[in-house]
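> Mind looking at a prediction? Sequence and model below.
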Amino acid sequence: MIRIKAGVPRRTRPRTRARRPLRRALALGLPTVWGAIAITYKLACPLAQQNSLGARIVTSAVFFAVGTGLIVQVRRSLLRELRQIRQIAGAAQNALLRPLPPRLDGLNIAAAQLSAERGAVVGGDLYEVVATEYGVRVVMGDVRGHGISAIGTVAAVLGSFREAAHDEPDLDGVLRRLERALARHLRERARAEHPSSGGLDPDSPVAEEFVTVLLLEIGRDGEVRGLNCGHPWPYLLSGASVEPLARADPLPPLGPFPLPTELPFVCCGQLLPGEALFLYTDGAEDARDARGRFFPLRDVLTAAVAQHPLPVPQSVLGSVFTALLRHTGGTPTDDVAVLVLSNDRKLAHPYPGARDCDISGSAAGARSATTHPQPTNYRQPNGV
């Protein structure tokens, strides 16, 4: 992940402010100097008034040099503005998808995002991991569209999750808070784009916006519970095997349809020591090569865990992104976000007040827990 410092040390700010007028003067003065040189040569130099071949060659050389100087100056100004824009975009990324800690409550973490827009560092994918009294709660989502237009929706959903994850004792309460935050954001956006409508018009393009959301809760005993609204289920990396964490049908994405009255969470078994979860957005599986073939995500994960039976988050993430960029020729057509969580805990008692997982109903089809945990003690830094 890209990390940019939040601010400039205070002692350097006066010097930076003092340089700004000088930079502005140079930006305006140098093109003026080049233009003055060209005009002075044309009006005052006797050689410029002659029609001989030698005089024309010299005049052409002078104007060529002046034009080259102007182009170089404009190029430098544009590059300077581009660097500033990238710094602002990087700061926006840090504010939205803030860097995750490499380790959180016994879980090793690695995460990264790849934007489909060239030169951009933010997109329509979102993720967050927080430790709460109810367990470690994880969100992975994908906003319809990508690039700058999706940033507002990402901010609304992530901001709501970061509060609701600590306030709501159940995952269904967290999901309903996300739904209300998204609906409020879309209404405000529709009102801003079409003030005369007074609300969210069903025929408005904003009304077609949606967000796929996956919510996971990992208890202290490793028990995993989930709620899924149109998002791919993560893969469980256990030993040399790569299997979907659950096979239950997801709910519709947030936005177009209201949530049902009852939201039974899916019991996904236990994340045992030495196992890992690979969360991703559909941009990973939908990526195509020049021949139109989809990216073989599961095969790549299988090859990665074959080399590292105890999955190291950073290694798995690096292997997937390397293979993905090679598959797409370095130009993916959709945003891609990946989050890897590995259990580095020892078996322990669950959180106080943790709920038993009801295996009936929506838990049908979820994987059964294995019974032979393998300890691991690695630590890896976050990011790619």
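Cool, got the structure.

> who does the host helix or strand of residue 141 touch, helix- and strand-wise?
Using DSSP states H and E, residue 141 falls within strand 135-143. With contacts taken as 3 or more Cβ pairs under 8 Å, 6 or more residues apart in numbering; DSSP states H and E, strand 135-143 sits against strand 125-132, helix 151-167, helix 171-193, strand 211-218, strand 276-280, strand 336-343. Every residue, glycine included, has its C-beta placed from N, CA and C.

> how about these in TSV, adding mean neighbour count, mean pLDDT and distance to residue 240?
Formatted as TSV, those follow (neighbours: other Cβ atoms under 10 Å; pLDDT from 0 to 100; distance: least, Cβ to Cβ, whole Å):
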stretch	mean neighbour count	mean pLDDT	distance to residue 240
strand 125-132	21	94	26
helix 151-167	19	92	33
helix 171-193	18	89	31
strand 211-218	26	96	22
strand 276-280	25	96	12
strand 336-343	26	94	15
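
> Just put those in JSON lines and tack on distance to residue 78.
Shown next, in JSON lines, are the helices and strands packed on strand 135-143 (distance: least, Cβ to Cβ, whole Å):
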{"stretch": "strand 125-132", "distance to residue 78": "29"}
{"stretch": "helix 151-167", "distance to residue 78": "23"}
{"stretch": "helix 171-193", "distance to residue 78": "30"}
{"stretch": "strand 211-218", "distance to residue 78": "35"}
{"stretch": "strand 276-280", "distance to residue 78": "36"}
{"stretch": "strand 336-343", "distance to residue 78": "29"}
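
> wait, which of these is closest to residue 77?
Shortest distance between residue 77 and those, using Cβ to Cβ, is found for helix 151-167: 26.3 Å.

> Now do the helices in the stretch 1-150 of the chain.
Along the stretch 1-150 of the chain, counting by DSSP state H, counting those that start in this stretch, helices occupy 13-44, 53-96.

> Give me the number of neighbouring residues for residue 231.
By other Cβ atoms under 10 Å, 24 other residues sit near residue 231.

> pretty sure it contacts residue 140?
Yes. Here residue 231 lies in contact with residue 140, judged by Cβ atoms under 8 Å, at a distance of 6.5 Å.

> what is in contact with the two at once?
213, 214, 281 (Cβ atoms under 8 Å, 6 or more residues apart in numbering).

> List just the nearest of these to residue 177.
Looking across the shared contacts of residue 231 and residue 140 and measuring by Cβ to Cβ, the closest to residue 177 is residue 213, at 11.3 Å.

> Mean confidence (pLDDT) on the strand holding residue 141, please.
Strand 135-143 carries an average pLDDT of 95.

> That one pairs with which strands, and in what direction?
strand 125-132 (antiparallel), strand 211-218 (antiparallel) (DSSP bridges).

> Many thanks, we can stop here.
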